[in-house]
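[1] Return atomic coordinates for the entry below.
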Amino acid sequence: MSRCKWVRDPEVPGGKFLVPGCWNRAINGDNAECHCIDGTETAAERLESKLDIVLKRLDKLEARMEGKH
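    Take a look at the predicted model:
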C-alpha cells in the first residue's frame, strides 16, 4: 500500500502534511501502515503532479531572469 507521503511546507502548521491525507499515519506516526485506497490516480495526485511541473518551470524562469541581471 504505502501511497501516502509527507510533503514539507513551512507555511502549514507543523511544517508538513500528508498526501493524500492518511489518518492512520497522522494519528499513529510515520511508521504506521498507510490505509489509503490503492487504485487510479486521485484528483489531489493529479493536481500535485501539475503543481510540480509549474514549480519546476517557475524555477527555470527565475534562474534565467537572475542570469540576466
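[2] Enumerate the positions of stretch 48-57 that are buried.
    Using 16 or more other C-beta atoms under 10 Å as the test for burial, stretch 48-57 gives residue 48. Where C-beta positions appear, they are placed from N, C-alpha and C, glycine not excepted.
[3] For it, the averaged confidence score.
    Averaged over stretch 48-57, pLDDT sits at 90.
[4] Stretch 33-42 too?
    The model assigns stretch 33-42 a mean pLDDT of 62.
[5] Over to stretch 7-16?
    Mean pLDDT, stretch 7-16: 84.
[6] Not counting its own residues, what contacts it?
    By C-beta atoms under 8 Å, 6 or more residues apart in numbering, the residues outside stretch 7-16 that reach it are 6, 17, 18, 19, 48.
[7] hmm, try it at 6 Å
    The contact list for stretch 7-16 (C-beta atoms under 6 Å, 6 or more residues apart in numbering) reads 6, 17, 19.
[8] Tell me the secondary structure at residue 31.
    Put simply, residue 31 is coil when judged by DSSP: H, G, I helix; E, B strand; the rest coil.
[9] Also residue 10?
    What three-state DSSP gives for residue 10 is coil.
[10] neighbours of it, just the number please.
    By other C-beta atoms under 10 Å, 6 other residues sit near residue 10.
[11] Also the one 3 residues further on?
    Around residue 13 there are 7 other residues, counting by other C-beta under 10 Å.
[12] Next one: it from residue 63, what distance?
    Residue 13 sits 31 Å away from residue 63, going by C-beta to C-beta, to the nearest Å.
[13] Please flag which of the contacts of stretch 7-16 sit within helices.
    Per DSSP state H, helices hold no members of these.
[14] Drop anything exposed from those residues.
    Members of the contacts of stretch 7-16 classed as buried by 16+ other C-beta under 10 Å are residue 19.
[15] Closest one of the contacts of stretch 7-16 to residue 55?
    residue 19 (14.7 Å; C-beta to C-beta).
[16] Nice, that's everything, thank you.
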